[in-house]
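Trainee: starting from these lines, generate the structure:
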Amino acid sequence: MSYKFFAMISRMKYIDRWSLMRNTINENISEHSLEVAFIAHALALMGNKRLGKSYSPERAALLAMYHDATEIITGDLPTPIKYYNKQIKSVYNEIEENAERQLLSYLPDDLRDEYAPLFSHTEDDAGLWKLVKAADKLSALIKCVEERRMGNEDFASAEKSTLAAVKALECPEAEMFLTDFMPSYDLTLDEQC
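Mentor: Reported below is the predicted structural model:
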């Protein structure tokens with residue numbers, strides 16, 4: 001029997017983000033998920049080294065890799081629409097849950113239980129999902145900074161609101177990332193080297 005899971009996962013590269021915005025550089029959810037994985041891994045390491053936490057950085061990265069996988073089926077619903085009101089958010093959550101089940105159905109029976117926790121927010125991974133959420137917002141902030149640096153003022157208000165969203169998470173690891181790493185995103189390559 002042939003299973004479709006990884007063929008579907010490979011389609012992440014076809015789902016563009018920021019569809020309501022004019023982009024100087026398009027970003028797809030595959031690229032975004034890898035960046036979120038890098039950042040979530042770093043946030044977990046900072047939490048462990050600086051705050052005495054006991055996160056699994058590898059698990060944080062793995063959760064981040066799959067955090068938007070359902071968008072293969074749902075597409076990337078723009079944030080202003082997704083969070084317009086509680087009813088829309090509730091219906092969208094139901095759509096995402098259906099997409100999770102559909103993706104999991106594309107796996108052999110003996111692997112489904114291994115992949116299911118990568119899609120659903122389980123109590124065991126609650127702390128890690130908070131880091132993934134912070135990494136997701138930080139990745140969005142990086143996109144906004146990059147677009148602004150390219151002269152795209154369409155992202156100016158998104159940059160402000162995304163920074164506010166990062167701070168609203170009250171995630172000390174995200175604050176550390178803002179302090180330690182975000183300033184370098186305003187540097188040219190020559191200035192970084």
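Trainee: give me the element the most centrally placed residue in the chain is part of.
Mentor: Centroid-nearest residue in the chain: residue 136, 3.3 Å away (criterion: Cα atoms, centre = their mean). Assigned by DSSP states H and E, residue 136 belongs to helix 126-149.
Trainee: on contacts alone, who are the packing partners of that helix?
Mentor: helix 29-51, helix 57-66, helix 156-168, helix 172-180 (3 or more Cβ pairs under 8 Å, 6 or more residues apart in numbering; DSSP states H and E). (Glycine included, C-beta is placed from N, CA and C.)
Trainee: reformat these as a markdown table; add mean neighbour count and mean pLDDT.
Mentor: As requested, the helices and strands packed on helix 126-149 are exported to a markdown table (neighbours: other Cβ atoms under 10 Å; pLDDT from 0 to 100):
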| stretch | mean neighbour count | mean pLDDT |
| --- | --- | --- |
| helix 29-51 | 20 | 98 |
| helix 57-66 | 21 | 98 |
| helix 156-168 | 15 | 96 |
| helix 172-180 | 17 | 98 |
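Trainee: which among the ones you listed is found nearest to residue 21?
Mentor: helix 156-168 (7.0 Å; Cβ to Cβ).
Trainee: which residues sit against that closest one?
Mentor: 21, 134, 137, 138, 140, 141, 144, 145, 148, 174, 175, 178 (Cβ atoms under 8 Å, 6 or more residues apart in numbering).
Trainee: mind checking how far that helix is from the chain centre?
Mentor: Here helix 156-168 shows a centroid-to-chain-centroid distance of 15 Å under the convention Cα atoms, centre = their mean, to the nearest Å.
Trainee: I'd like to know how far residue 193 sits from residue 128.
Mentor: Relative to residue 128, residue 193 is positioned 33 Å away (Cβ to Cβ, to the nearest Å).
Trainee: shaky segments in this structure?
Mentor: Applying pLDDT under 70 to the chain flags no residue at all.
Trainee: rewinding a little: tilt between the helix holding residue 136 and helix 172-180?
Mentor: 30 degrees (axes from the mean of the first three to the mean of the last three Cα atoms, to 10 degrees).
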